[in-house]
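Student: A structural model of the following input is requested.
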Amino acid sequence: MIIIRFVIHALFVAIVTSVSGCATLPNVTEVIDKTPITQKPRQIVSSKELLSPQKSKELITKLKRSVAPTDILERHSAVVESVTESPLTKGNKVALLADGKATYAAMFKAIKNAKDHINVESYIFEDDETGRAFADLLLQKQREGIHVHIIYDSLGSMKTPAAFFQRLRDSGIQVVEFNPINPLLSREGWELAHRDHRKILIVDGTVAIIGGINISKVYSSNPLKRKQGKNTPVHWRDTDIQIEGPAVAEFQKLFLDSWRKQKGPELAERAYFPHMKEQGNALVRVVGSTPGETNRIPFIVYVSAITFAEHSIHLTNSYFIPDGQVITALTDAARRGVEVKIILPGITDSRLALYAQQHYYSDLLKSGVKVYEHGTSLLHAKTATIDKVWSTVGSTNMDLLSLLTNDEVNAIILSREFAAEMESMFAKDLVNSIQIHGDEWDNRPLFPRVREWFVSLFARWL
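Tutor: Numbering: from 1, shown residues only. Got it, this is the predicted structure:
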């Protein structure tokens, strides 16, 4: 039965991708080679102004002195700046939000405190108790005179009744359906594979919450109830962050750009870009992407960051079906002595994705990469920490659909203090994970190895 479902799925996605065109990922080695070693990162943006080259250099130098020597701060930053106009901003406060309970509490608090506008962009917005709680609160704020704007993905939210969103529209909330799956509703060229996988909440242009958490009850289960029984919902383990400071403006630009491209209703004049005071000490860069051959910025960010790692790479990802460049970067890092640890799902909502993920274990393990499967929750987080100073949290899965065809967004955080929080969270996830050992893995029965190989042939479409 699973093979029949798999064939149907593969045929469907093959048709979708053939209709939408066939893009390729950029060659990150070429991007790195084209970035001169002597090229210095551009100037850093503060809440008031563009800092002078001298002050920008002083900030990076101070950060470098706080950790072991690494190229992740200058060399990698120069590569990223060669492919994006998004600036590195200073003066940001970044709070780590582990799991849905903490994230939803932060979202509800931010929404309740809104004074001007609320912008929501979510791949999934479900009509369940969680989705209805969000909708009721947004409707309340709309009645208070707060302007509310929502972008939801047509495919991700296809199970949500149209009446759910119509209720919001009827009450004055402006709602945009991203890239309708119905070609008759298409606003431009119909591309079913192009999805909005971002999860962004922006309130008053001063607070942004982003990460992997959609608006759905699956994230509302209690993380303390990890033992799964017949009547116990599977706990989804995910990560978001809340950012206050100059970086919020970059998330706002992405939201407004998506609204414009989707031909949303004309927005009223609001304080979308208020004057921002510095809120903390973190340096933050926002990286977003849309489908295209050369602008897959999160992909370039990940591969180049791994390439320049010198001490440690701690990565979690929910759908690990990577491009060969990612595998090469990880295995090369392990061989040159970098501690590489990856936590991947052991419990999954897609058995095919799990089989495809496991196909890559042998090469990773042989190079010295340590692989773990999270065993008590459904791991949905997309995070990484490198050399105890560079971190990223966002919506980008390490699969080709995410890397090639989706709109995604990640935040890069340069902060020793925030990296320490990320490392602590990673250590807790390790406790609830099972390590995969190379000798045992290579002695598995023939059938699962053949099954993983076969499913991996269709990796582009999973």
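
Student: make it CA atoms for all contacts and neighbour counts henceforth
Tutor: OK.

Student: ok, now which ones touch Val393?
Tutor: By C-alpha atoms under 8 Å, 6 or more residues apart in numbering, the contact set of Val393 is Ile210, Gly211, Thr239, Asp240, Ile241, Lys382, Thr383, Ala384, Asn410, Ala411, Ile412.

Student: so who does the closest residue to it other than its chain neighbours touch?
Tutor: Distance criterion C-alpha to C-alpha, 6 or more residues apart in numbering; nearest residue to Val393, sequence neighbours excluded, is Thr383 at 4.7 Å. Contacts here follow C-alpha under 8 Å, 6+ apart; on that basis Thr383 touches Thr239, Leu315, Thr316, Asn317, Ser391, Thr392, Val393, Gly394.

Student: which of these tops the neighbour count?
Tutor: Using other C-alpha atoms under 10 Å as the neighbour criterion, Gly394 leads those with 29 neighbours.

Student: Need the pLDDT of it.
Tutor: Here, the pLDDT recorded for Gly394 equals 97.

Student: Would you confirm that it contacts Asp407?
Tutor: No. Contact criterion C-alpha atoms under 8 Å: Gly394 and Asp407 do not qualify, at 11.6 Å.

Student: Name whatever forms a beta bridge with the residue nearest to Val393.
Tutor: Beta-bridge partners for Thr383, by DSSP bridges, are Thr316, Val393.

Student: Let's have the contacts of Thr383 in CSV, adding distance to Lys261.
Tutor: Shown next, in CSV, are the contacts of Thr383 (distance: C-alpha to C-alpha, whole Å):
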residue, distance to Lys261
Thr239, 28
Leu315, 33
Thr316, 32
Asn317, 29
Ser391, 30
Thr392, 26
Val393, 25
Gly394, 22
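
Student: Assumed Ile343 was part of a helix.
Tutor: No. Looking at Ile343 with DSSP: H, G, I helix; E, B strand; the rest coil, it is strand, so not inside a helix.

Student: picking up where we left off before, what's the closest of the contacts of Val393 to Ala420?
Tutor: Ranked by distance to Ala420 (C-alpha to C-alpha), the contacts of Val393 are led by Ala384 at 11.9 Å.

Student: thought the closest one was touching Thr316?
Tutor: Yes. Ala384 is in contact with Thr316 according to C-alpha under 8 Å; the separation is 6.3 Å.

Student: List just the nearest of the contacts of Thr383 to Gly368.
Tutor: So of the contacts of Thr383, ranked by how close each gets to Gly368 (C-alpha to C-alpha), first place is Leu315, at 14.7 Å.

Student: just checking, Trp453 touches His359?
Tutor: Yes. Applying C-alpha under 8 Å, one finds Trp453 in contact with His359, separated by 6.0 Å.

Student: ok, these two, which is more surrounded?
Tutor: Between Trp453 and His359, counting by other C-alpha under 10 Å, His359 is the more crowded of the two (20 against 17).

Student: And for the more buried one, nearest residue in space, chain neighbours not counted?
Tutor: Counting by C-alpha to C-alpha, 6+ apart, Glu452 is the residue found nearest to His359 once chain neighbours are left out, at 5.1 Å.

Student: That neighbour: neighbour count?
Tutor: Glu452 has 19 nearby residues by other C-alpha under 10 Å.

Student: can I get the CA coordinates of the host helix or strand of it in PDB?
Tutor: Assigned by DSSP states H and E, Glu452 belongs to helix 446-456. Once non-C-alpha atoms are left out, helix 446-456 reads as follows in PDB (Å, rounded to 0.1, in the frame of the first residue of the first chain):
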ATOM      1  CA  LEU A 446      19.200  -5.900   2.800                       C
ATOM      2  CA  PHE A 447      15.500  -4.800   2.500                       C
ATOM      3  CA  PRO A 448      15.700  -1.500   4.300                       C
ATOM      4  CA  ARG A 449      18.800  -0.500   2.500                       C
ATOM      5  CA  VAL A 450      17.200  -1.300  -0.900                       C
ATOM      6  CA  ARG A 451      14.100   0.600   0.200                       C
ATOM      7  CA  GLU A 452      16.100   3.700   1.200                       C
ATOM      8  CA  TRP A 453      18.100   3.600  -2.100                       C
ATOM      9  CA  PHE A 454      14.900   3.300  -4.200                       C
ATOM     10  CA  VAL A 455      13.100   6.200  -2.400                       C
ATOM     11  CA  SER A 456      16.200   8.400  -2.700                       C
END
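
Student: so for it, what's the average pLDDT?
Tutor: Averaging pLDDT along helix 446-456 gives 88.

Student: And stretch 413-432, by the same measure?
Tutor: 97.

Student: picking that back up, from Pro69, how far off is the residue nearest to Val393?
Tutor: According to C-alpha to C-alpha, to the nearest Å, Thr383 stands 22 Å off from Pro69.

Student: Against which helices or strands is the helix holding Glu452 packed?
Tutor: Counting contacts by 3 or more C-alpha pairs under 8 Å, 6 or more residues apart in numbering; DSSP states H and E, helix 446-456 packs against helix 351-358.

Student: Report the mean per-residue pLDDT for the helix it packs on.
Tutor: Across helix 351-358, the per-residue pLDDT values average to 93.

Student: That one to helix 446-456, inter-axis angle?
Tutor: Counting by axes from the mean of the first three to the mean of the last three C-alpha atoms, to 10 degrees, helix 351-358 lies at 100 degrees to helix 446-456.

Student: which outside residues touch helix 351-358?
Tutor: Helix 351-358 is contacted from outside by 6, 319-321, 345-346, 348, 451-453, 455-456, 459, 462, using C-alpha under 8 Å, 6+ apart.

Student: Please spell out the ChimeraX selection for the buried subset of the residues you listed.
Tutor: Applying 16 or more other C-alpha atoms under 10 Å to these, the buried members can be selected in ChimeraX as follows:
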select :6,319,320,321,345,346,348,452,453,455,456,459,462
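
Student: Just send the contacts of helix 351-358 back as JSON lines, with distance to Ser86 too.
Tutor: Listed next are the contacts of helix 351-358 as JSON lines, based on distance: C-alpha to C-alpha, whole Å:
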{"residue": "Phe6", "distance to Ser86": "39"}
{"residue": "Tyr319", "distance to Ser86": "26"}
{"residue": "Phe320", "distance to Ser86": "27"}
{"residue": "Ile321", "distance to Ser86": "27"}
{"residue": "Pro345", "distance to Ser86": "32"}
{"residue": "Gly346", "distance to Ser86": "35"}
{"residue": "Thr348", "distance to Ser86": "34"}
{"residue": "Arg451", "distance to Ser86": "42"}
{"residue": "Glu452", "distance to Ser86": "39"}
{"residue": "Trp453", "distance to Ser86": "39"}
{"residue": "Val455", "distance to Ser86": "37"}
{"residue": "Ser456", "distance to Ser86": "35"}
{"residue": "Ala459", "distance to Ser86": "31"}
{"residue": "Leu462", "distance to Ser86": "30"}
